[in-house]
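1. Show me how the following folds:
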Amino acid sequence: MSAKKRVTIYDIANRLNLTASSVSRALNNKPAVNENTRQLILRTAAEMNYKQNVVASNLRKGKSQTIGIVVPQINQNFFANVIAGIETIAYQQGYNLIICQSNELQEKEIQCINMLINQQVDCIFISISADGNDYPHLQNVLDHHIPLVQFDRVVDGLETYKVINDNERASREAVTDMIKQGYRRIALLEGPQNLNVFRHRKNGYLTALKNHGLPIIHELILPNAADKDENKKAIRRLLSLQNPPDAIFASQDDFSALSILETATDMNIKVPSELGICGYSNENFTSITSPSITTIDQFSVEIGRTVAQTFFQEFVNKKGPVDVVSKTISIKPRLIVRSSTKKNEWPFEREIFETLN
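-> Numbers count the residues shown, from 1 in each chain. Now for the predicted structure:
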């Protein structure tokens, strides 16, 4: 069964024996069309189920009213919330979104970027994938005079607007809090160190140890694992050391923190009395695990709103010529201390739990 042909202004013009330009003027409420003719055209368009080609109309005006977004993973709470924040502002401004995910592959990221350029989007928002090191495809966006706003994972060398968290400060505060709870052998699960966001988190970890006179023990720093299974194996090896850590900062994300909790449970290691765990991103599940997981809220919805507002303020609503500038907007994250690192409070909490049950 063939698809039904889309009704065009030429179909309406042929039925009424009018010119396509007259039909177009009537449908767009332009002058120089007799009112009786205008009403006839509008009635006929409704009868024929005519729908205006908004994309073509916008492109004739020099804009598509569309924003492209590229993220590593759509199904992560952080990126889903960023997209939600962007959509809130874009909807208010009458813009649509095209959302792409790179699946942490730069090859796919490049394909996404090329597709969005070909779609003639008005702007591209991106958080880069984990396996990239060279970014001519992003320079290509700028060469096409398409505004580019980076967020969270960014390329420092590109002259663009960037919306980020103060990751180093947040990590320093998280590790400092664990030290105050009495943990002394604190391990680190690194994220991909080719991305500045994870380098900054590692720096925060190292600074907290130095500030409190604790040694940097290299066997307690785990490089980023290739996948979840490798991550769990590395965590098990870490917890099986002759002198294992008494706390772990999962700087990559909360999913790594969850893997630590699962592995500790399998090994009969008590959390938080024998092992403290801190994640990153405030995924929804962190508040309902047992024990609940200490984490860092990045205010992801606010990041999304700020990214969109930056585009509209600097590129759409700004009067006069738009200069290409490099400007970084930093949003302070917040440490959320939950049961997984409350070493000093846990025995009291456990006693109450056992009494009630």
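
2. Tell me what the closest residue to Ile74 other than its chain neighbours is bridged to.
-> Of all residues not flanking Ile74 in the chain, Gln101 sits nearest, at 4.7 Å (CB to CB, 6 or more residues apart in numbering). All C-beta atoms are positioned from the backbone trio N, CA, C, and that covers glycine. Note on Gln101: beta-bridge partners by DSSP bridges are Val71.

3. what about Gln101, distance to Val23?
-> 41 Å (CB to CB, to the nearest Å).

4. With neighbour numbers in mind, choose between these two.
-> Per other CB atoms under 10 Å, whichever of Gln101 and Val23 has more neighbours is Val23, with 27 against 19.

5. Quickly find the element holding that one.
-> For Val23, the host element (DSSP states H and E) is helix 20-27.

6. which residues sit against that helix?
-> Residues outside helix 20-27 that contact it (CB atoms under 8 Å, 6 or more residues apart in numbering) are 9-10, 12-13, 16, 30-33, 37-38, 41-42, 45, 50, 52.

7. Pull the distance from it to the chain's centre.
-> The chain centroid and the centroid of helix 20-27 are separated by 43 Å under CA atoms, centre = their mean, to the nearest Å.

8. So the closest residue in space to Gly132 that isn't next to it in sequence versus Leu195, what's the distance?
-> In this structure, Gly132 finds its nearest non-sequential neighbour in Gln106, 3.8 Å apart by CB to CB, 6+ apart. Distance of Gln106 to Leu195, computed by CB to CB: 12 Å.

9. What residues does Ile248 make contact with?
-> Ile186, Ala187, Leu188, Leu189, Ile235, Leu238, Ala257, Ile260, Leu275, Gly276, Ile277, Cys278.

10. That one in helix, strand or coil?
-> Here Ile248 is strand, with the state taken from DSSP: H, G, I helix; E, B strand; the rest coil.

11. now swap in Leu188 and tell me
-> strand.

12. Could you do the one 10 residues further on as well?
-> Phe198 falls in the helix class when you classify it by three-state DSSP.

13. again with the one 3 residues further on
-> Three-state call for Arg201 (three-state DSSP): helix.

14. re the thing from before, isn't the residue nearest to Ile74 up against Gln76?
-> No. The criterion here is CB atoms under 8 Å, and Gln101 misses it with Gln76 at 9.7 Å.

15. At which residues are the helices of the stretch 251-357 of the chain located?
-> 254-266, 300-311, 346-356 (DSSP state H, counting those that start in this stretch).

16. what's in contact with the longest one?
-> Judged by CB under 8 Å, 6+ apart, the contacts made with helix 254-266 from elsewhere in the structure are 189, 228, 231-232, 235-236, 239, 248, 250, 270-271, 275, 277-283, 285-286, 289, 293, 295, 340.

17. if you set the cut-off to 7 Å instead, what comes out?
-> The contact list for helix 254-266 (CB atoms under 7 Å, 6 or more residues apart in numbering) reads 189, 228, 231-232, 235-236, 239, 248, 250, 271, 275, 277-281, 283, 285-286, 289, 293, 295.

18. List only buried entries from these.
-> Buried by 16 or more other CB atoms under 10 Å: 189, 231-232, 235, 239, 248, 250, 271, 275, 277-281, 283, 286, 289, 293, 295, out of the contacts of helix 254-266.

19. So Gly68: helix, strand or coil?
-> Gly68 is classified as strand under three-state DSSP.

20. Tell me how far it lies from Val197.
-> The gap separating Gly68 from Val197 is 21 Å, by CB to CB.

21. neighbour-wise, which of these two wins?
-> Between Gly68 and Val197, counted using other CB under 10 Å, Gly68 has the larger neighbour count: 25 against 20.

22. any weak-confidence spans in the protein?
-> Scanning the chain for pLDDT under 70 picks out 1-4, 53-63, 318-324, 346-357.

23. Repeat the analysis, applying 90 as the threshold.
-> Under the criterion pLDDT under 90, the flagged ranges of the chain are 1-13, 15-64, 75-76, 131-133, 157, 224-231, 316-326, 343-357.

24. Thank you kindly, that will do.
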